[in-house]
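**Q** pasting the sequence and the predicted coordinates here, then a few questions.
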Amino acid sequence: MRVILFARYGEIGASSRLRHRQYIGLLREIGIEVKIQSFFGDDYLEKLYCGKKISVLRLFMYYVRRTKALLDVHKYDLAVIERELFPYVPPLFEWLLSVLGVRYVVDYDDAWFHIYDQSPRLIVRLILGGKIASIINHASAVTCGNDYVCAFARAAASKNCVVELIPTAIEVERYNKALDSAKSKPGQCVVIGWIGTPNTEKYLSEIWPALQKLKSRRNIELKFIGASNAYWKDKEVSIIPWSEETEADALVNIDIGIMPLPDTPIERGKSGYKILQYFALNIPVAASPVGINKSIVDVGEDGFLPNNLMEWERDLIYLIDLSTESRSVMGKHGKRKIETTYNTHVQVERMSSVWRRAEQRLNYER
């Protein structure tokens, strides 16, 4: 089976990497060859994270490159689209694929539809508010990262469309290697850690007052992986550069993982991937009770779901005051979820099943 994947990002884009790129080898082993065509190049995210603008000419070339790739779509057994073919363009091309008999699977890791239907710009809401629903309506199948997105997809999908929950998963072996090579951490300082990008570090400001209080009451260190130095320049925080090769090794040195989020429609569609990364390394968590987080965390067993600053301070103090062994026991409870559910070897079977069903439907209709 030959599949063309219209990904949103290149190698360094987290959503594209976690939703599809990490599965390429596993898919090949079960007879599915995937050709990836990324809309944005890595230069786009590199400039975005540095606060630099992309030239209009460069943006135009992204659209041209995607258009050229679409001319070859008939050479493949199935098309898989990550979110949309063209950002901020009406769903004409997805409709054309459907009309021309090219069935496609569309994947949403989060509530991307709110980018349009809740845009602060009226013209975007008017022209593109129904875009994602239209894309879903013409799809043969939809894969979703959580229940919130699935509910939207089922409401928008056609009668014969397959809608499947496929949560974002962890490549367990990579995290096990980090655990095997980890050295014992000296001293009594407890490390509270976070991983993300300069685009998501804003969520940390939601709980910064609680973290400041903790620093005055307990012997802790804060490590933020992937955050920007400029944002935290005047604060007592250790900033660790992110890379795919080193993220597991950087995370293995923390004792408590955090994932603050505001309770807004877009955030309710998040994948909870930070929590999965912590669990993969036997690290207990404190995370906002938003969206899928409530399904992943068993309160008191592998973490907590603090709802306000007072609860964040209370729950983090509880985790800080635990012994290293007790925190490890909590983390291992979370690790079992990774091994049984949020595991690429488990989810690749579900993904390939959806893709094959969509391809079989295409062959039948031909």
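**A** That came through fine. Bear in mind the structure is a predicted one, so any value in this text is a computation, not a measurement.
**Q** helices of the stretch 151-300 of the chain, start to end?
**A** 172-181, 208-217, 247-251, 265-268, 273-280, 293-296 (DSSP state H, counting those that start in this stretch).
**Q** quick one: low-confidence ranges for the stretch 151-300 of the chain?
**A** Residues of the stretch 151-300 of the chain that meet the criterion pLDDT under 70 lie in 184-187.
**Q** and the strands in it, which stretches?
**A** 162-165, 190-195, 220-225, 238-240, 256-259, 285-287 (DSSP state E, counting those that start in this stretch).
**Q** got the contact list for the longest helix along the chain?
**A** Under DSSP state H, the helix in the chain containing the largest number of residues is helix 344-365. With CB atoms under 8 Å, 6 or more residues apart in numbering as the test, helix 344-365 has contacts from 1, 3, 22-23, 26-27, 30, 32, 77-78, 80, 101, 103-105, 140-141, 143, 160, 162, 164, 166-167, 169-172, 340. Yep, even glycine has a C-beta here, placed from its N, CA and C like the rest.
**Q** can you check stretch 99-108 too?
**A** 19-20, 73-74, 78-84, 94, 97-98, 132, 135-136, 138-145, 149, 153, 166, 269, 354-355, 358-359, 361-362, 365-366.
**Q** okay, and which of the residues you listed map to strands?
**A** Counting by DSSP state E, the part of those found in strands is 78-82, 141-144.
**Q** including neighbour count, distance to residue 252 and pLDDT, could these go into TSV?
**A** Below are the ones in strands among the contacts of stretch 99-108 laid out as TSV (neighbours: other CB atoms under 10 Å; distance: CB to CB, whole Å; pLDDT from 0 to 100):
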residue	neighbour count	distance to residue 252	pLDDT
78	25	38	96
79	25	38	97
80	24	33	98
81	22	35	98
82	25	29	97
141	26	37	96
142	29	35	97
143	29	30	97
144	26	30	96
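**Q** and the strands of the stretch 151-300 of the chain: which comes nearest residue 304?
**A** Residue 304 sits nearest to strand 285-287 of all these, at 5.0 Å, using CB to CB.
**Q** who does that closest one pair up with?
**A** strand 256-259 (parallel), strand 303-304 (parallel) (DSSP bridges).
**Q** touching it from outside, list them.
**A** Against strand 285-287 from outside (CB under 8 Å, 6+ apart): 256-261, 272, 274-275, 278-279, 293, 296-297, 302-306, 312, 315-316, 319, 334.
**Q** what's the closest residue to residue 301 other than its chain neighbours in contact with, if anything?
**A** Using CB to CB, 6 or more residues apart in numbering and skipping the chain neighbours, the partner closest in space to residue 301 is residue 333 (4.9 Å). Contact analysis of residue 333 by CB under 8 Å, 6+ apart lists 298, 301-302.
**Q** out of those residues, which end up buried?
**A** The neighbour count (16 or more other CB atoms under 10 Å) marks residue 302 as buried among these.
**Q** could the contacts of residue 333 be laid out in a markdown table, adding distance to residue 177?
**A** Formatted as a markdown table, the contacts of residue 333 follow (distance: CB to CB, whole Å):
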| residue | distance to residue 177 |
| --- | --- |
| 298 | 26 |
| 301 | 26 |
| 302 | 22 |
